[in-house]
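>>> Mind folding the following:
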Amino acid sequence: MTASYKVLPLLLALTFQGCNLWDFLKPPERQPEVPQGNRGEARELLHSYLRARVADESTENLRAYLTEEAWHDYQGGNLSLRAEREEEYVGYKIMEETDLAEGKFAFTTNLQLVERERPLAANITEDLVVRYSNDEYRVSSARLLKTVEIRGVGTDLIWVSRTKEEEQEVKLFNLQEFPARLAALGGSTELETGRAGYATVVLNPDNRRAAFGTTGTHGALGILKWTGATPDPDQVELTPVDVYYGEHAILLSFSPDSRYLAVEIRSTAGTDRVEVYQVGEKNKLNFRLDQAFPAGKYNVSFRQWEPDSKALLFRVSAGVNPPEDEEPMGTWRLNVQTGEREKVIGG
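Here you go, the predicted structure:
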């Protein structure tokens, strides 16, 4: 009985102090976890960042996607936030992705770089980490993994791979192996193909294909294919694709999935036009852009592929004989699967 009387004051004391005994003895509730973000949202931020780089937005705009740590990574000398003069990014692909700890997500990306003034192109492979902090995603780390480059030197096409540890160089192809005569796609008359040098080159995002356009009276288009990380010149397969009467290609770009090749061509009228090919089927898609934007009146230039490879952007500007109708001028989106096009930016 004495023990029972001793417990009663404790019960009364806890009750009168506004604390029920069972609430007092119950373990504390677990605090809600701080949101750590998710990889899907991190990927969307990365797409926005890479699209901004391909669109050649200002350094100030690009810096807004970066933490201070990532900004310093790009100032380290090995990485380039923007393309240099006479260079341009024409596409990108996210190659790999994974979750890290503490709201961080890692992505391996390839940026397609081309030069307009000389036959040189590169794929720049970067490791990028996106971090979720303070209710926002930003790129928090950037590291250059590898640069794969091709360049035309005379009639030789040289392939070079550079990492921090090593550099490899391979003579990939010589233009004397290209057919001396070729009929344009859809035509029967053979033309003498230009084989004196390269007008433009590009690598596909997976570093397993290259496309090139040649100089000469009738510029030609060809695609090279190989297996393995380092090409064996004896195993490289050539596909002669097309030849242009009195014209030549000035810029090339593979779609991210490598199914399509966009070709910007300098026409005999002094303006540029864009053609699109299906890579595996050696087929030129007829989007009738030459009818919508006649050569001479309008200049049509390639801008970039969309990440899903379903569409590309091209720019229409005044040609050497400017038209009265300026409505077509601006940036257009072309769906390469349906052929539908829509104007997305005016002027």
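
>>> can you give me the strands for the stretch 101-250 of the chain?
Ranges of strands in the stretch 101-250 of the chain, per DSSP state E, counting those that start in this stretch, are 104-115, 120-133, 136-153, 156-162, 167-174, 181-183, 190-192, 198-203, 209-214, 220-225, 237-243, 248-254.

>>> Can you list the buried residues in the third one?
Buried residues in strand 136-153, defined by neighbour count with 16 or more other CB atoms under 10 Å: 137-144, 146-152. For glycine as for every other residue, the C-beta is placed from the backbone atoms N, C-alpha and C.

>>> hang on, the earlier thing: output the strands of the stretch 101-250 of the chain as a markdown table; include the columns distance to residue 264 and mean pLDDT.
Putting the strands of the stretch 101-250 of the chain into a markdown table (distance: least, CB to CB, whole Å; pLDDT from 0 to 100) gives the following:
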| stretch | distance to residue 264 | mean pLDDT |
| --- | --- | --- |
| strand 104-115 | 10 | 96 |
| strand 120-133 | 13 | 97 |
| strand 136-153 | 17 | 97 |
| strand 156-162 | 19 | 97 |
| strand 167-174 | 22 | 97 |
| strand 181-183 | 20 | 97 |
| strand 190-192 | 20 | 97 |
| strand 198-203 | 8 | 97 |
| strand 209-214 | 9 | 98 |
| strand 220-225 | 11 | 98 |
| strand 237-243 | 13 | 97 |
| strand 248-254 | 4 | 96 |
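
>>> Now tabulate those strands in JSON lines and tack on distance to residue 309.
Shown next, in JSON lines, are these (distance: least, CB to CB, whole Å):
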{"stretch": "strand 104-115", "distance to residue 309": "13"}
{"stretch": "strand 120-133", "distance to residue 309": "16"}
{"stretch": "strand 136-153", "distance to residue 309": "20"}
{"stretch": "strand 156-162", "distance to residue 309": "24"}
{"stretch": "strand 167-174", "distance to residue 309": "25"}
{"stretch": "strand 181-183", "distance to residue 309": "28"}
{"stretch": "strand 190-192", "distance to residue 309": "31"}
{"stretch": "strand 198-203", "distance to residue 309": "15"}
{"stretch": "strand 209-214", "distance to residue 309": "14"}
{"stretch": "strand 220-225", "distance to residue 309": "17"}
{"stretch": "strand 237-243", "distance to residue 309": "19"}
{"stretch": "strand 248-254", "distance to residue 309": "9"}
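
>>> Ok, which of the ones you listed comes nearest residue 320?
Between residue 320 and the strands of the stretch 101-250 of the chain, the tightest spacing by CB to CB is seen for strand 248-254, at 15.6 Å.

>>> Sheet-wise, list the partners of the closest one with their directions.
Strand 248-254 has the following sheet partners, assigned by DSSP bridges: strand 260-266 (antiparallel).

>>> distance between the helix or strand following the strand it pairs with and the chain's centre?
Downstream of strand 260-266, the first helix or strand assigned by DSSP states H and E is strand 272-278. Using CA atoms, centre = their mean, to the nearest Å, the mean C-alpha position of strand 272-278 is found 18 Å from that of the whole chain.

>>> Make sure I have this right: residue 256 is in a strand.
No. Secondary structure of residue 256, determined by DSSP: H, G, I helix; E, B strand; the rest coil: coil, with no strand assignment.

>>> Pull the number of nearby residues for the nearest residue to it once chain neighbours are set aside.
By the measure of CB to CB, 6 or more residues apart in numbering, the closest residue to residue 256 outside its immediate chain neighbours is residue 93, 4.2 Å from it. Residues near residue 93, counting by other CB atoms under 10 Å, number 22.

>>> likewise residue 40?
The number of residues packed around residue 40, counting by other CB under 10 Å, is 8.

>>> Tell me the confidence at it?
In this model, residue 40 is scored at 96, pLDDT.

>>> And residue 270, by the same measure?
88.

>>> hang on, it packs against residue 297?
No. The pair formed by residue 270 and residue 297 falls short of the contact definition of CB atoms under 8 Å, at 11.0 Å.

>>> Those two - which one has more neighbours?
Neighbours were tallied for residue 270 and for residue 297 using other CB under 10 Å; the higher tally belongs to residue 297 (18 against 12).

>>> and the gap between that one and residue 267?
Applying CB to CB, to the nearest Å, one obtains 11 Å for the distance of residue 297 from residue 267.

>>> again with residue 137
The separation that residue 137 has from residue 267, given CB to CB, amounts to 44 Å.

>>> can I assume residue 218 is in contact with residue 245?
Yes. Counting by CB under 8 Å, residue 245 is a contact partner of residue 218 at 5.9 Å.

>>> Between those two, which has more neighbouring residues?
Set side by side, residue 218 and residue 245 give different neighbour counts by other CB under 10 Å, the larger being at residue 218 (19 against 12).

>>> Not counting its neighbours along the chain, what's nearest the more buried one?
Counting by CB to CB, 6+ apart, residue 218 lies nearest to residue 191, which is 4.4 Å off, once chain neighbours are set aside.

>>> Thank you, goodbye.
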